[in-house]
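# A structural model of the following input is requested.
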Amino acid sequence: MQGILRGRARTSRRLLVYFLKMRGATHGPPRAPASEIAWSWLGAFLGMAAVASLHRHLVADTDLMMLIGSFGASAVLVFGAIRSPLAQPRNLVGGHVLSALVGVACYHWLGPFPVMAIATAVATAIALMHATRTLHPPGGATALIAVIGSERVHDLGYLFALIPAGAGALIMLAVGLGVNNLPRSRRYPQFWW
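You can find the predicted model right below:
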């Protein structure tokens, strides 16, 4: 009987510790200065405008595309969190390209099983980005888009990794290098490799 009570007490303590972790460990970050907000806005505007313009003027009448939803999240990192390791060039470009390759492969191999294709694509993209030190959260969305995208996306096959994933990421990087280094208060990138 005492063994059962001790076991329950241990389980209760583990559960308490588990749930106490969910309180958080610190306070939220302070509000960004107005100048940082303005530079982030300008960079995101110019980066997305560059990708969207190239899409509209260069590839809109072809089977190619330049614009995918995950670039919106990349803009948050590249222009709003420029010091984050997740926003650096190797992560931006590598994360999108590797994740696109994984997503296309999962669509081809597991397409008849959409739930498996989706779950495998995102999980494998995360694991591969970790292993290659290219973790970029929007890469998970790029892998997902490769699986759930339209026929236009699926018709691209592995070209999806180059256009739009790689090319769009390189455009965002070029704009990030230009805009993020204009003010004295900002420096991008923190590292290349």
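
# Below-threshold pLDDT in this structure: ranges please.
Low-confidence segments of the chain, defined by pLDDT under 70, are located at 63-64.

# Recalculate using a threshold of 80.
Within the chain, the segments meeting pLDDT under 80 span 1-7, 9, 58-65.

# so where do the helices sit in it?
2-20, 34-54, 70-75, 89-110, 114-131, 138-148, 151-156, 167-180 (DSSP state H).

# Ok, which of those helices comes nearest residue 26?
When the helices of the chain are ranked by distance to residue 26, counting by C-beta to C-beta, first place goes to helix 2-20 at 14.4 Å. Glycine gets a C-beta too; all of them are placed from N, C-alpha and C.

# Just name the most buried of the helices of the chain.
Of the helices of the chain, the one with the most neighbours on average (mean count of other C-beta atoms under 10 Å) is helix 138-148, at a mean of 26.

# quick one: it to helix 89-110, angle?
Computed with axes from the mean of the first three to the mean of the last three C-alpha atoms, to 10 degrees, the direction of helix 138-148 lies at 20 degrees from that of helix 89-110.

# circling back to that earlier point, would you reformat the helices of the chain as TSV and include distance to residue 62?
Compiled in TSV, the helices of the chain are given as follows (distance: least, C-beta to C-beta, whole Å):
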stretch	distance to residue 62
helix 2-20	53
helix 34-54	12
helix 70-75	19
helix 89-110	18
helix 114-131	25
helix 138-148	18
helix 151-156	10
helix 167-180	13
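
# right, and these - which one's nearest residue 188?
helix 167-180 (3.5 Å).

# ok, now how distant is the residue nearest to residue 192 when sequence neighbours are not counted from residue 126?
For residue 192, ignoring the flanking residues on the chain, the nearest one in space by C-beta to C-beta, 6 or more residues apart in numbering is residue 89 at 5.6 Å. Distance from residue 89 to residue 126, counting by C-beta to C-beta, to the nearest Å: 19 Å.
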